[in-house]
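Peer 1: Make a model of this:
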Amino acid sequence: MIKHRIKTDLDVEQIRLDFPILKREVHPGVSLIYLDSTATTQKPTQVIQAMDDYYRSYNSNVHRGVHTLAEEATAAYESARQRVANFIHAPSAREIIFTRNTTESINLIAFTWGRTYLQEDDLVILTEMEHHSNLVPWQILAAEKGIQLEFIPITTDGILELDVYRKLLEQMPKLVSFTQMSNVLGTINPAKEIVQMAHQAGAITIIDGAQSVPHFSVDVQDLDVDFLAFSAHKICGPTGLGVLFGKINLLNDMPPFLGGGEMIKRVLLRSFTPNEVPHKFEAGTPAIAESIGLHSALDYVDQVGMDKIAAHEQKMISYALERLEEVPGVHVIGPAAKHKGGVAAFTFDGIHPHDVAQVLDRSGIAVRAGHHCAMPLHEKYNIPATTRASFYLYNTLDEVDRLIEGLYTVKEFFG
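Peer 2: Numbering: from 1, shown residues only. Just a heads-up that it's a prediction; the model follows:
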């Protein structure tokens, strides 16, 4: 058994005290080792308390009442919008739309901007490493409008082939949409370069930031991206809340996504006038408590320090990849540690990923198994599924050692 001698800049043991669930025993005498943060992150006490305080102290709908509770709830909701804008360096809080998740954010773009501005035979460029949320909406639009989809291929190491991208750009695409960090490979793509090249070709750009925004600093102005989407639950916040950033000129020119209350300025029996941005895209009662939870979550990760979180994860994944190489029959897909975030997806010779995950669970180790909503990517590697261990600010190097011990147990169990 090799014991690590690596140290990170985070006081992880102190951080772990903020996450009540990490104290849980998932089986009698077996403590939780949570290595599934790419799917969803755990929540610190500060976030739980912020949402609890809303429900206990000023639960009310927003934008509609003049009583004290309504005004307090509205102020908290709009404060969360401003907090998000500050976090990703958006020029204005009006450019922040609250949705249910990253998937809905991308669908919003596809079914408003896409339906309005994409015509038959227009080209949309995606990549081979996309999550289904950045594939299926465009496939639906392709079937409906006859737009063309092309894909930036990846190397066997999981790196985008930018030379092929340059060739695709010669076809003058209308849109380039891509993940900044793969949820399977962990690959961190050169987003600023990809956006710049797309703009030179006259294309609008979308970044799926579900895996990037929680793990390192993202500046939408520096990237000059037109749209960016991410989810609260992947950055220590609650489920049921997503964020869409869009440049104000684009949002103003897009039709509403859903119809109903709040998204209107005036309604007649046979017509309506939509509200101003951002409310034009937020039909019905929004996720008020969840927005307050996200505000607290962003305060939390900012206090820890996004650069420190990124550095911690880089040390975690470097150590994890080194240890995984020791286990006979384990094969990690994706690039070297210097090109990726804290994600290690792997196969185990002769053992199905679901069986790997089930045996690991007996030791309290929570990992993900399956295609991770990236079936085409797995087909690219000619594998049906992978086991995925992913790391965040509350994980320790000792937990990596426990994962390796667990994999040897898996190997022994299956002979």
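
Peer 1: okay, and for the protein, where does confidence drop off?
Peer 2: Counting by pLDDT under 70, the chain contains low-confidence residues at 1-7.

Peer 1: Looking at it, name the residue that lies furthest from the middle.
Peer 2: Leu269 (40.3 Å; CA atoms, centre = their mean).

Peer 1: So it versus Met263, what's the distance?
Peer 2: 18 Å (CB to CB, to the nearest Å). Glycine gets a C-beta too; all of them are placed from N, C-alpha and C.

Peer 1: ditto for Glu104
Peer 2: 14 Å.

Peer 1: okay, now Leu185: neighbour count?
Peer 2: Under the neighbour criterion other CB atoms under 10 Å, Leu185 is assigned a count of 28.

Peer 1: can you tell me which residues contact Ile140?
Peer 2: Ala110 (CB atoms under 8 Å, 6 or more residues apart in numbering).

Peer 1: If you count neighbours, what's buried in the helix or strand encompassing it?
Peer 2: Using DSSP states H and E, Ile140 maps to helix 136-145. For helix 136-145, burial by neighbour count (16 or more other CB atoms under 10 Å) applies to 136-138, 141-142.

Peer 1: correct me, but His378 touches Gly370?
Peer 2: No: judged on CB atoms under 8 Å, His378 makes no contact with Gly370 at a distance of 9.1 Å.

Peer 1: Neighbour count: those two, which is higher?
Peer 2: Between His378 and Gly370, His378 has the larger neighbour count (other CB under 10 Å), namely 19 against 16.

Peer 1: If we ignore the residues flanking it in sequence, what's nearest the more buried one?
Peer 2: Nearest residue to His378 in three dimensions, chain neighbours excluded: His371, at 5.0 Å (CB to CB, 6 or more residues apart in numbering).

Peer 1: Asp334 and Lys308, how far apart?
Peer 2: Check again: residue 334 is Gly, not Asp. Taking CB to CB, one finds Gly334 at 24 Å from Lys308.

Peer 1: So which of these two has more stuff around it?
Peer 2: The residue with more neighbours, out of Gly334 and Lys308, is Gly334; 26 against 15, by other CB under 10 Å.

Peer 1: quick one, what contacts the closest residue to that one other than its chain neighbours?
Peer 2: Leaving aside its sequence neighbours, Gly334 sits nearest to Leu185 (CB to CB, 6+ apart; 3.5 Å). Contact analysis of Leu185 by CB under 8 Å, 6+ apart lists 129, 154, 158, 333-335, 340, 343, 345, 377.

Peer 1: Any chance of the residues you listed in TSV with secondary structure and distance to Thr386 as columns?
Peer 2: Shown next, in TSV, are these (DSSP: H, G, I helix; E, B strand; the rest coil; distance: CB to CB, whole Å):
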residue	secondary structure	distance to Thr386
Met129	coil	13
Ile154	strand	15
Gly158	coil	12
Ile333	strand	6
Gly334	coil	10
Pro335	coil	15
Lys340	strand	14
Val343	strand	10
Ala345	strand	4
Leu377	helix	9
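
Peer 1: OK, contacts around Pro274?
Peer 2: Contacts of Pro274 by CB under 8 Å, 6+ apart are 255-256, 263-265, 280.

Peer 1: Quickly list what it is bridged to.
Peer 2: Ile264 (DSSP bridges).

Peer 1: mind checking how far it is from Pro286?
Peer 2: 16 Å.

Peer 1: now swap in Asp307 and tell me
Peer 2: Taking CB to CB, one finds Asp307 at 31 Å from Pro286.

Peer 1: that older thread, what's the overlap in contacts for His378 and Gly370?
Peer 2: 385-386.

Peer 1: next SSE after the helix holding Ile140?
Peer 2: Using DSSP H and E, the first helix or strand after helix 136-145 is strand 148-152.

Peer 1: If anything else comes up later, I'll come back, but that's it for now.
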